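>>> sequence first, then the predicted structure, then my questions.
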Amino acid sequence: MKTNEDAIGNTTVDPDVILTIIRLAALEVPGVCRMASGPAGIDDLVKKFYSEGVKIDVEDHTIYVDLFLVIYRDVDLRSVARKVQEEVSRSIEDLVGMNIGRVDVHIEDIEFRKIETA
């Protein structure tokens, strides 16, 4: 006997959607300036699941994330990285319903905030 959920059908999520969710969650954390270009020498196989500072691996319905970030200089790097890990994990679990294996944050650079003059 099929349940009502089985009768409705399946939902699939393209990896590009997952990359976008992760990128947006990371960029919303105060102290994150922008995504970095990522590690040098990413080969074409890895680029399949890499986009704009986010690399994912998916194994057995579990996502493993590497984020490459530029952080503002005037913030606590460790607390910003932890907040990014929390927000990315929450976003994937809430929006996609997949498990998070880990979220590794790679701080590639720091940047000074531009001071606006009146």
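In hand now; what should we look at? Residues are numbered from 1 along each chain as shown.
>>> residue 17 - nearest residue in space that isn't next to it in sequence?
residue 96 (7.9 Å; Cβ to Cβ, 6 or more residues apart in numbering). Any C-beta I mention is one placed from the backbone N, CA and C, and that applies to glycine too.
>>> wait, that neighbour touches residue 18, no?
Yes: counting by Cβ atoms under 8 Å, residue 96 sits close enough to residue 18 to count as a contact (6.3 Å).
>>> have a look at these two and say which one is more surrounded.
Each of residue 96 and residue 18 had its neighbours counted (other Cβ atoms under 10 Å), and the higher figure belongs to residue 18 (22 against 16).
>>> where does that one land in three-state SS?
Secondary structure, DSSP: H, G, I helix; E, B strand; the rest coil: residue 18 is helix.
>>> how about the contacts made by it?
Shown in contact with residue 18 (Cβ atoms under 8 Å, 6 or more residues apart in numbering): 56, 58, 63, 92, 96, 98.
>>> let me see the contact set for the third one.
It stands for residue 63. Applying Cβ under 8 Å, 6+ apart, the residues near residue 63 are 18, 56-57, 92, 98-101.
>>> beta partners for it?
For residue 63, the beta-bridge partners under DSSP bridges are residue 58, residue 100.
>>> state the distance from it to residue 108.
Residue 63 sits 21 Å away from residue 108, taking Cβ to Cβ, to the nearest Å as the criterion.
>>> tell me which residues touch the residue nearest to residue 17, please.
When contacts are counted by Cβ under 8 Å, 6+ apart, residue 96 is found next to 13, 17-18, 21.
>>> 7 Å instead?
Listed by Cβ atoms under 7 Å, 6 or more residues apart in numbering, the contact partners of residue 96 are 13, 18, 21.
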